[in-house]
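**Student:** need coordinates for the below:
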Amino acid sequence: MNLDKLHNMESDYFPISQQEEEELNRLKITYKWRDSCMRQLLDFRNCQVDNYWTSMYACRGLKKAWLECQIERERNIIAKENIQPVSESRRFNPSN
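**Tutor:** Now for the predicted structure:
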């Protein structure tokens with residue numbers, strides 16, 4: 001893999017505070033999801049925890065916001081790298 005491509009993907013990961021680190025660990029969010037959409041994912045996962053039995057309905061707006069952020073992030077990476085996008089059906093969704 002080209003190191004420039006790896007650098008562009010890694011530049012999407014931001015430093016986080018100790019409080020955010022603890023929250024990410026509590027929600028079991030791994031490093032690969034700690035990108036520029038991390039805050040939307042935190043909101044979504046917190047909603048799932050707070051609304052365990054009704055999270056499918058209560059959190060759908062937050063899930064949509066996180067997924068839209070991920071799609072926009074992928075588009076930006078693709079635009080920078082001129083690579084082929086992954087089809088919608090092949091994307092991994094950690095909440096399923």
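
**Student:** now the helices for the chain?
**Tutor:** Listed in chain order, the helices of the chain (DSSP state H) span residues 3-10, 18-26, 38-50, 55-58, 60-81.

**Student:** pLDDT weak spots in this structure?
**Tutor:** Scanning the chain for pLDDT under 70 picks out 1-12, 82-96.

**Student:** how does it look with 80?
**Tutor:** 1-16, 78, 80-96 (pLDDT under 80).

**Student:** before we move on, back to that, need the helices of the chain in JSON lines (columns: mean neighbour count and distance to Lys32).
**Tutor:** Glycine gets a C-beta too; all of them are placed from N, C-alpha and C. Formatted as JSON lines, the helices of the chain follow (neighbours: other CB atoms under 10 Å; distance: least, CB to CB, whole Å):
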{"stretch": "helix 3-10", "mean neighbour count": "11", "distance to Lys32": "11"}
{"stretch": "helix 18-26", "mean neighbour count": "12", "distance to Lys32": "12"}
{"stretch": "helix 38-50", "mean neighbour count": "18", "distance to Lys32": "11"}
{"stretch": "helix 55-58", "mean neighbour count": "13", "distance to Lys32": "22"}
{"stretch": "helix 60-81", "mean neighbour count": "15", "distance to Lys32": "12"}
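
**Student:** and the residue lying closest to Leu42 once chain neighbours are set aside, how far from Asn76?
**Tutor:** Leaving aside its chain neighbours, Leu42 sits nearest to Glu23 (6.4 Å; criterion: CB to CB, 6 or more residues apart in numbering). Distance from Glu23 to Asn76, counting by CB to CB, to the nearest Å: 25 Å.

**Student:** try Ile16
**Tutor:** Applying CB to CB to Ile16 and Asn76 gives a distance of 20 Å.

**Student:** for Gln48, same thing?
**Tutor:** Relative to Asn76, and taking CB to CB, Gln48 is found at 26 Å.

**Student:** Lys28 too?
**Tutor:** 27 Å.

**Student:** now do Glu21
**Tutor:** Taken as CB to CB, the span from Glu21 to Asn76 is 25 Å.

**Student:** could you tell me the end-to-end distance of stretch 14-22?
**Tutor:** 15 Å (CA to CA, to the nearest Å).
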